[in-house]
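> Compute the structure for the input listed below.
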Amino acid sequence: MRILVLTKRQYTGKDLLDERFGRLFEIPAALSEWGHDVRGIAISYRKRAQGAYRWTEYPRLSWRSENALPLGLLCYNRILSSATNEWMPDVVWSSGDMLQCTLAFRWTRECGLPLVIDLYDNYESFGLSRLPGLAQSFRVACREAEGVTTVGSLLAQRVEHRYRRIRPTGIVQNGARKDLFVVRDRLECRRRLGLPLDGRLVGTAGAINDDRGISDLFEAFLALASRDEQLWLVHAGVTDSTPARFRHPRIVDLGVLPLEQVPFVLSALDVGVVCNRDSEFGRYCMPLKLFEMLSTRTPVVAAEVGEAARVLAAHPECLYEPGNSLDLAGKIEYQLSTPQVDALPAAPSWADCARGLEAFLLPLVRG
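As a prediction, the model looks like this:
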């Protein structure tokens, strides 16, 4: 297949091209390794170097970056037409946000190309939903596109009901990099990061933001730390003002780390925590951090909402009520005394996810 990927460049706090990050890089890269000709166009909402991006290990994968401002969005159709002047895709896979999917829908309708819209979150919960008319245009695109892929079954159900889809909707979940997120020696990881060797460490890595309910973790830690002098809270990632509200000598902020160092953080923990809120975002997202913790076989406690609740449904001892820090504290305490790891589900790899997308795209292309 010749697959054109259309998306934005910055997502989930990472840069698609500079950091070769996540779903929108890993899945196209895997497809290219299997012989598919994959090309992508990433629209950057921040000023970045424009032009072609290629990697020697992925000879059948190429990306092109264009800045949205000052003229990128106005020249969107011209950019896409230029990219496909001598190379016409069999199918277009568009993701990122409502704007990217809507623009891709309009262009593919003009060109007569099949479009598959990918939803890795509930895009209507993003700030772009406030732009006049965009939400309605996005719903039309989701209803009329030849295919829609979603990160989980809950979002697929929402799409089929809310957008009245009668065409195929498939599930392509998130995965973990199995070359990075592996079982590691806990003490060695602590030495590498300068963390207490004999302490009991709870924590997380990722978005340390209150809109993800991260205050649950800080409040639970303070409640437990008052009676456990060996307990430490460790976190890494971009923060908002939440950590500043919780001062304690045994809270360690590792800052923003390269992806290659994140597995050492997770493997250093006695318990990893995945916070979330019961919100329009939280009810439909699939926290990537959960799969990365499962892949490192770190004992985990996650907010009982959305896809995390579905993945861990058979393990109520690993789920806490979002917004209830006392419940979270109790579940952390249980995991510290009786770690539950062996029975937890395995995390899919990005190759597994790419196989799912490949199986979804092939019938559309053949049809």
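> By residue count, tell me the biggest helix in the protein.
helix 350-366 (DSSP state H).
> List the buried residues of that one.
350-358, 360-361, 364 (16 or more other Cβ atoms under 10 Å). From N, CA and C alone the C-beta is placed, and that goes for glycine too.
> So what's the gap between that helix and the chain middle?
Put simply, helix 350-366 sits 19 Å off its chain's centre (Cα atoms, centre = their mean, to the nearest Å).
> and if you look at stretch 49-69?
Stretch 49-69 has its C-alpha centroid displaced from the chain centroid by 21 Å (Cα atoms, centre = their mean).
> what's the answer for stretch 121-130, then?
The answer for stretch 121-130 is 15 Å, by Cα atoms, centre = their mean.
> likewise stretch 308-327?
Distance, centroid of stretch 308-327 to centroid of chain: 19 Å (Cα atoms, centre = their mean).
> Same check on stretch 29-49?
Distance, centroid of stretch 29-49 to centroid of chain: 17 Å (Cα atoms, centre = their mean).
> what kind of secondary structure is residue 229 in?
Per DSSP: H, G, I helix; E, B strand; the rest coil, the secondary structure class of residue 229 is coil.
> what about it, distance to residue 186?
20 Å (Cβ to Cβ, to the nearest Å).
> Have a look at these two and say which one is more surrounded.
residue 186 (18 against 9; other Cβ atoms under 10 Å).
> which residues does the closest residue to residue 225 other than its chain neighbours contact?
Using Cβ to Cβ, 6 or more residues apart in numbering and skipping the chain neighbours, the partner closest in space to residue 225 is residue 231 (5.0 Å). Taking Cβ atoms under 8 Å, 6 or more residues apart in numbering, we find residue 231 in contact with 199-202, 221, 224-225, 250.
> Ok, residue 155 next?
119, 121-122, 284, 307.
> same thing but at 7 Å, please
Applying Cβ atoms under 7 Å, 6 or more residues apart in numbering, we find residue 155 in contact with 119, 122, 284.
> now residue 253
With contact set as Cβ under 7 Å, 6+ apart, residue 253 has these partners: 235, 243.
> what do you get for residue 286?
Residues near residue 286 by Cβ under 7 Å, 6+ apart: 151-152, 173-174, 307.
> ok but residue 165 is inside a helix, no?
No: according to three-state DSSP, the state of residue 165 is coil, so it is not within a helix.
> Correct me if wrong: residue 148 contacts residue 169.
Yes: with contact defined as Cβ atoms under 7 Å, residue 148 and residue 169 form a contacting pair (4.8 Å).
> Which residues are in contact with each of the two?
Counting by Cβ under 7 Å, 6+ apart, the contacts common to residue 148 and residue 169 are residue 159.
> So for these two, which sits in the more crowded spot?
Just comparing residue 148 and residue 169: by other Cβ under 10 Å the higher neighbour count belongs to residue 148, 25 against 22.
> Now do the contacts for the more buried one.
So residue 148 contacts 116-117, 119, 142, 159, 165, 169 (Cβ under 7 Å, 6+ apart).
> One more: residue 191?
residue 197.
> Could you say which helix or strand holds it?
Per DSSP states H and E, residue 191 falls inside helix 186-193.
> Give the buried residues for that helix.
Buried residues in helix 186-193, counting neighbours by 16+ other Cβ under 10 Å, are found at 186, 189-190, 193.
> and which of these is nearest to residue 77?
residue 193 (48.0 Å; Cβ to Cβ).
> ok, now which ones touch that closest one?
By Cβ under 7 Å, 6+ apart, the neighbours of residue 193 are 254, 264-265, 268.
> Could you list the domains of the protein?
By the assignment in automatic domain parsing, the chain contains the domains 2-175+349-366, 186-337.
> Do a quick rundown of the helices in the protein.
Counting by DSSP H, the chain has helices at residues 23-33, 76-83, 98-111, 134-144, 153-162, 186-193, 215-225, 262-268, 288-296, 306-311, 325-337, 350-366.
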